[in-house]
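>>> Build me a model:
(one chain, ligands or ions: 1)
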Amino acid sequence: LRALPKDGKLFTFEFNPHHANVAKESFKKAGFENQVEIFVGPALDNLAQIEKEGPFDLVFIDADKVSYSHYLEWAADHLRIGGVVLGDNTFAFGMIADADPRDADKRNSVKALQAFNRDIVSSGRFRATILPTGEGLTMGVKLR
Ligand SMILES: C[S@@+](CC[C@H](N)C(=O)[O-])C[C@H]1O[C@@H](n2cnc3c(N)ncnc32)[C@H](O)[C@@H]1O
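Coordinates of the predicted model:
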């Protein structure tokens, strides 16, 4: 946020109203309430509301893992060329290389994160890598 230019804007999407309120208070305390807009509800339902504000410089994906590839597709269509997409947790809780993840609770999320990492490369629209943070952070620069 502190790197935003004075006329820059952050749009954020949160499903849980309590989490959204915590974020709202934090943005306010940090003095950024005028540069942040929070949409409450499923991100996939609300993203269309900001499309006219694009193209965007950065898209940070950190919500429901099963929707990561949908968010990636949205980012590919709404980032500027040279814009950056970041996807958090892309080591998939340590199971990113497991062909058959045995953790039943996380299986769908792991499969979705594996698909996300494949899709960002196979789309041909990004130059991408995974940065080795503790949880894995996929970074892609939009080429076309
Ligand atoms: C890992 S937390 C995000 C943390 C945040 N990026 C931060 O750094 O403080 C994931 C959040 O995604 C939210 N979430 C889950 N499914 C969502 C959806 N379909 N649309 C929007 N938000 C969702 C959860 O309520 C949760 O607050």
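
>>> buried set for the top helix by length along the chain?
When the chain is parsed with DSSP state H, its longest helix is helix 107-122. Across helix 107-122, burial judged by 16 or more other C-beta atoms under 10 Å covers 109-117, 119-120. C-betas here are computed from N, CA, C, even on glycine.

>>> what do you get for stretch 48-57?
Across stretch 48-57, burial judged by 16+ other C-beta under 10 Å covers Phe56.

>>> List the contacts of the longest helix of the chain.
With C-beta atoms under 8 Å, 6 or more residues apart in numbering as the test, helix 107-122 has contacts from 65-69, 72-73, 85, 87, 89-90, 92-93, 95-96, 98, 101, 103, 126, 128, 130, 138, 140.

>>> Apply the buried test to the residues you listed and list what passes.
65, 67-69, 72, 85, 87, 89-90, 92-93, 95-96, 101, 126, 128, 130, 138, 140.

>>> does Glu14 have beta-bridge partners, and which?
Using DSSP bridges, the beta-bridge partners of Glu14 come out as Val40.

>>> returning to that earlier point: next one: the longest helix of the chain, is it in contact with the ligand?
No: Helix 107-122 stays out of contact with the ligand when judged by C-beta under 6 Å from any ligand atom, the minimum separation being 11.0 Å.

>>> Helix, strand, or coil at Arg102?
Look at Arg102: counting by DSSP: H, G, I helix; E, B strand; the rest coil, its state is coil.

>>> wait, what's in contact with the residue nearest in space to the middle of the chain?
For the chain, Ile61 is the residue whose C-alpha lies nearest the centre (C-alpha atoms, centre = their mean; 1.0 Å). By C-beta under 8 Å, 6+ apart, the residues touching Ile61 are 68, 71-72, 75, 85-88.
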